[in-house]
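Trainee: Compute the structure for the input listed below.
(one chain, ligands or ions: 2)
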Amino acid sequence: MKEKYEQKIRLFYISFLLLTNSLLLSNPMQINRGFLFSIEGTEGCGKSTLITKLAQKLSDVQLNVVTTREPGATELGKSLRTLLMNKTAPTCTLAEFLLFAADRAQHFHEIIMPSLNKNQIVICDRMADSSLVYQGYVKGLDQSKMAFINQWAMQDQQPDIVFYLQIDSESALARVTQRNKHHNEESVAFEKEILEKKQQLIDGFDTILQGRSNVFVIDATAPADEIAEQAFQVVMCYLENNNE
Ligand SMILES: Nc1ncnc2c1ncn2[C@@H]1O[C@H](COP(=O)(O)OP(=O)(O)OP(=O)(O)O)[C@@H](O)[C@H]1O
Ligand SMILES: Cc1cn([C@H]2C[C@H](O)[C@@H](COP(=O)(O)O)O2)c(=O)[nH]c1=O
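Mentor: Ligands and ions are numbered 1, 2, ... in the order given. This is a model prediction of the structure:
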């Protein structure tokens, strides 16, 4: 009896999704301004996976999406990323943050602001909150000074929504270890340092993002398709209500 009832609800939900998607396909939403979404969380929480799936879902309903990341989206950013990830020269935490901020400034100048000005939907893998956690919470840099520099680098723009993929350290570590078996990772020195600080990083994200009104927390241990559907529904709802 219970199973039959649950199956009916599932069928109703699927028909509802099919109906909304077909309505959106035949009648694409007119976007009147740019929207900026960032995806945050520790290594292995599933940011890149979510971005790929979410971008596909938004493109499927005819929305114009730009996916990007920090650090390393621009030509300058690529050089900065290599420098930051390989750490061949001694780098103090302030210098490290300023290099991330330089990447961010060029990123906003070259990619994000032009995309927002064309009313596109920008989804970014990490942004200013990563600096607040890695260089601020974990390495002790002054967070109010960092926030000022971030705001400057970001031309006073803030993400409309920060999606925080919350995961426990064991699951994140297991995923990174598994992934590194399959790929040849570039970021050897930096990632080694990060793996040792996993729990502290998770505490940092929890502390810095909790209670902020523009943060949407997602359980990153859920199946990837469920996470993408959840984020898609949140984005669609936000677009409908903030498309001034
Ligand atoms: N929801 C999920 N459930 C199970 N495995 C997942 C899920 N999301 C991603 N993965 C797997 O976990 C690994 C890490 O995912 P992904 O590369 O998307 O994480 P990330 O947050 O972008 O990592 P990084 O910050 O290190 O680049 C990949 O092997 C991916 O296939
Ligand atoms: C933006 C930003 C990033 N980081 C760290 C976080 C990660 O360890 C690497 C980026 O690697 P990913 O595979 O692209 O996630 O850089 C940081 O310390 N500070 C920052 O501002």
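Trainee: Pull the contacting residues for the residue lying closest to Leu76 once chain neighbours are set aside.
Mentor: With CB to CB, 6 or more residues apart in numbering as the criterion, Leu76 has its nearest non-adjacent residue at 4.7 Å, and that residue is Gln106. In short, each C-beta sits where N, CA and C put it, glycine included. By CB atoms under 8 Å, 6 or more residues apart in numbering, the residues touching Gln106 are 74, 76-77.
Trainee: give me the beta-bridge partners of the most centrally placed residue in the chain?
Mentor: Geometric centre of the chain, nearest residue: Ile39, 1.3 Å, by CA atoms, centre = their mean. Judged by DSSP bridges, the bridge partners of Ile39 are Asp125, Phe163.
Trainee: Kindly indicate the member of the contacts of Gln106 with the most neighbours.
Mentor: When neighbours are counted by other CB atoms under 10 Å, Gly77 leads the contacts of Gln106 with 24 neighbours.
Trainee: Quick one: name the residues of the chain near ligand 2.
Mentor: Within the chain, the positions adjacent to ligand 2 are 43, 69-71, 100, 126, 130-131, 134-135, 190, 194 by CB under 6 Å from any ligand atom.
Trainee: Can you add distance to ligand 1 and neighbour count and give those residues back as TSV?
Mentor: Shown next, in TSV, are those (distance: CB to the nearest ligand atom, whole Å; neighbours: other CB atoms under 10 Å):
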residue	distance to ligand 1	neighbour count
Glu43	4	18
Arg69	9	20
Glu70	11	23
Pro71	12	26
Phe100	14	25
Arg126	7	21
Ser130	9	23
Ser131	14	26
Tyr134	11	25
Gln135	16	22
Phe190	10	18
Ile194	9	17
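Trainee: Most widely separated two among those residues?
Mentor: Arg69 and Gln135 (17.3 Å; CB to CB).
Trainee: that older thread, restricted to helices, list the contacts of Gln106.
Mentor: Secondary structure defined by DSSP state H assigns 76-77 of the contacts of Gln106 to helices.
Trainee: now check the host helix or strand of Met236, is it near ligand 1?
Mentor: Using DSSP states H and E, Met236 sits within helix 224-241. Yes. For helix 224-241, a contact with ligand 1 is found by CB under 6 Å from any ligand atom, at 224, 227.
Trainee: Extract the C-alpha trace of that helix and format it as PDB.
Mentor: The C-alpha trace of helix 224-241 is given here as PDB (Å, rounded to 0.1, in the frame of the first residue of the first chain):
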ATOM      1  CA  ALA A 224      25.200  13.700  -8.200                       C
ATOM      2  CA  ASP A 225      22.000  13.800 -10.300                       C
ATOM      3  CA  GLU A 226      19.900  14.600  -7.300                       C
ATOM      4  CA  ILE A 227      22.300  17.400  -6.300                       C
ATOM      5  CA  ALA A 228      22.200  18.900  -9.800                       C
ATOM      6  CA  GLU A 229      18.400  18.700  -9.900                       C
ATOM      7  CA  GLN A 230      18.200  20.500  -6.500                       C
ATOM      8  CA  ALA A 231      20.600  23.300  -7.600                       C
ATOM      9  CA  PHE A 232      18.700  23.600 -10.900                       C
ATOM     10  CA  GLN A 233      15.300  24.100  -9.100                       C
ATOM     11  CA  VAL A 234      16.900  26.700  -6.800                       C
ATOM     12  CA  VAL A 235      18.400  28.600  -9.700                       C
ATOM     13  CA  MET A 236      15.200  28.500 -11.800                       C
ATOM     14  CA  CYS A 237      13.200  29.800  -8.800                       C
ATOM     15  CA  TYR A 238      15.800  32.500  -8.100                       C
ATOM     16  CA  LEU A 239      15.800  33.600 -11.800                       C
ATOM     17  CA  GLU A 240      12.000  33.800 -11.800                       C
ATOM     18  CA  ASN A 241      11.900  36.000  -8.700                       C
END
